[in-house]
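Novice: Sequence plus predicted model, see below.
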Amino acid sequence: MRGVVEGFYGTPWAHEARLDVISFLAPRGMNAYVYAPKDDVKHRAQWRTRYDDAELAGFAEVAADAAGLGVRFGFAISPGLDITYESDADRADLLAKLEPMRTNGVTWFLLLVDDIPMQPGLAPRQGALASWLHDALHPCAVTVCPPEYVGTRPSPYLAALSAGLPGDVDLMWTGPTVCSPEITAEDARRWTKAVDGHGVLVWDNTPVNDALMTNCLHLGPYRGRDPDLVDVVSGVLCNPMTQAHASKIPLATAMDFLADPDGYDPGASWARAIADVGGARAAPLAVLARACADGPVTRPDTLDLALKVDVIAATIDRPEWPDAIEAVATELRAARTLGDALAPGSTDDSLLFEVGPWTHAARTEAEAGLAALRLLQQVRPVATLGDAGEAAGTAAAPDPETAMQHAFVVLFLWAAARADEKVVYGPRFVVYTPVIQLADGSPGLDAAAAVREDANAVDRLCRLALATYDVWRTSAAGEPLRVLVDGTARAVAADGTFQAGGETVLVCQGWLCTRADAGKQLPFPDVRLGPKP
């Protein structure tokens, strides 16, 4: 099966949003949907409390609509906080909670006993409860999420639990860690062996952004999954974000992968998903998606802007630096307008209300980044040839006072960007929960992966600009200008003019050089090349 699990510690979606996501993803191959948000108090904290008639009617509608679209609806319950496993009263409460769901068309139930403290003898008691529930709900299917759901190694708990379960009960697994950057078919084979051959249902924690990740928006495509994985496991359920409508972008790419793993093209799938979700606003939505494409399973140094900043860092001391700056400026200019381009047009424009905080953050980040780019241009010599064949060109060295003013602007706008807690263009400081298995099968924490900091592309750009300013200030400021047109040295007059008549000019101050081609503009208008008084 391939589908979605509305779960973990996410606020339950609105009923309409749930139906919207199912109807959007079903044509893309989704065939399963699970209701399991732990922040629904009747799902976890107050699991004994029954749903009222209106709530039951809502679940029945979802189950019926899902079935009409070929999607299996699963209902999960999480009683592990305080259930007494052998108690007849608790078992009666559990069955009483689930029986109305079965009456309303639900045929798949998930017993979640995860995220609770381990204790001696827990596995056989949980196995006995699951076996009783399996028999009580027959012929409905039962799936279990155990407290140990990460890793690839066997453990005494897993062995005892597996031995106590009916053979047709699947066990849920998140991969090598909670939010796994990669899940391979070999990982799944090893886990299947660890659970004694029980079916493995992958609870894939992507693009989830709850718990410690509420300031993040994970809009990137589905990556890091072995195409052969689908041949080893009984299914994959992706855990979406708390933003239901924004989740459709990454979830659509996941469904594309799961429907055709060998033919999956992440970039093409991502572009289709953004177009389908964004409609007329697809272009600005793509800008936001590129800015928010990282997360616990995707490193921020793979972001589009981060890669473009890499190019600036590699070329800023070479004559072709304007091209690299122009590429970043184009992206940041688009990000600066997102607040207008993605402004909700009506009170029911749910997607744009969801992403609004990140469009605002993108604007402040873009302002700081553009200021950094302007500073980079201001500490480089510049020239213009005009159109090909024109008689005169103009060259100018950096102006110390103007460059200093630009440096101050960077500082002020950078401070504003850093004050916004929403993560755009990579995190400044985020905490993930990379629980792993130790060698003996017991749980542990990958502390090195738990914190990701100083990984924001705009921060890097601002630091680069300020450092470049200091290098110019201490090594090249005050040096005379030199100009070469098509490789031939030309004299530079006091007002900066020189004889042009060529296709390409190279203007240098000390060891710093800039290339300018006839008719080509600099990334930013530059007063140094304007009319002289």
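Specialist: Yep, that arrived.
Novice: make it CA atoms for all contacts and neighbour counts henceforth
Specialist: OK.
Novice: where's the closest residue to residue 456 other than its chain neighbours, which helix or strand?
Specialist: Spatial nearest neighbour of residue 456, excluding adjacent residues (C-alpha to C-alpha, 6 or more residues apart in numbering): residue 426 at 4.2 Å. Of the helices and strands defined by DSSP states H and E, none includes residue 426.
Novice: Quick check: the gap between residue 426 and residue 234.
Specialist: Distance of residue 426 to residue 234, computed by C-alpha to C-alpha, to the nearest Å: 34 Å.
Novice: Could you check which of these two has the larger neighbour count?
Specialist: More crowded of residue 426 and residue 234, by other C-alpha atoms under 10 Å: residue 426, with 29 against 17.
Novice: For the more buried one, give me the pLDDT.
Specialist: At residue 426, the model reports a pLDDT of 98.
Novice: How much space separates the residue nearest to residue 456 from residue 64?
Specialist: In this structure, residue 426 and residue 64 are 41 Å apart, going by C-alpha to C-alpha.
Novice: which intervals of the stretch 351-500 of the chain have sub-threshold pLDDT?
Specialist: 387-390 (pLDDT under 70).
Novice: returning to what we had before: I'd guessed the residue nearest to residue 456 sits against residue 294; true?
Specialist: Yes - using C-alpha atoms under 8 Å, residue 426 is in contact with residue 294, at 6.7 Å.
Novice: which residues are common contacts for the two?
Specialist: Here residue 426 and residue 294 share the contacting residues 300, 303, scored by C-alpha atoms under 8 Å, 6 or more residues apart in numbering.
Novice: what about residue 271, which helix or strand?
Specialist: In this assignment (DSSP H and E), residue 271 forms part of helix 266-278.
Novice: So which bits of that helix are buried?
Specialist: For helix 266-278, a neighbour-count test (16 or more other C-alpha atoms under 10 Å) marks 266, 269-278 as buried.
Novice: who touches the residue nearest to residue 456 in this structure?
Specialist: 291-292, 294, 300-301, 303, 455-457.
Novice: Please apply the same query to residue 281.
Specialist: Counting by C-alpha under 8 Å, 6+ apart, residue 281 makes contact with 341-342.
Novice: Quick check: it vs residue 167, distance?
Specialist: Taking C-alpha to C-alpha, one finds residue 281 at 49 Å from residue 167.
Novice: Same question for residue 417.
Specialist: Distance of residue 417 to residue 167, computed by C-alpha to C-alpha: 54 Å.
Novice: what's the offset of the strand or helix carrying residue 128 from the middle of its chain?
Specialist: Residue 128 is part of helix 122-136 when elements are defined by DSSP H and E. Using C-alpha atoms, centre = their mean, to the nearest Å, the mean C-alpha position of helix 122-136 is found 37 Å from that of the whole chain.
Novice: What would it look like as PDB? C-alpha coordinates only.
Specialist: The C-alpha trace of helix 122-136 is given here as PDB (Å, rounded to 0.1, in the frame of the first residue of the first chain):
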ATOM      1  CA  LEU A 122       6.200  -5.100  28.000                       C
ATOM      2  CA  ALA A 123       6.500  -7.000  24.700                       C
ATOM      3  CA  PRO A 124       4.400 -10.100  25.700                       C
ATOM      4  CA  ARG A 125       1.700  -7.900  27.200                       C
ATOM      5  CA  GLN A 126       1.500  -5.800  24.100                       C
ATOM      6  CA  GLY A 127       1.500  -8.900  21.900                       C
ATOM      7  CA  ALA A 128      -1.300 -10.400  23.900                       C
ATOM      8  CA  LEU A 129      -3.400  -7.200  23.600                       C
ATOM      9  CA  ALA A 130      -2.800  -7.000  19.900                       C
ATOM     10  CA  SER A 131      -3.700 -10.600  19.400                       C
ATOM     11  CA  TRP A 132      -6.900 -10.200  21.400                       C
ATOM     12  CA  LEU A 133      -7.800  -7.100  19.400                       C
ATOM     13  CA  HIS A 134      -7.000  -9.000  16.100                       C
ATOM     14  CA  ASP A 135      -9.500 -11.700  17.100                       C
ATOM     15  CA  ALA A 136     -12.100  -9.300  18.400                       C
END
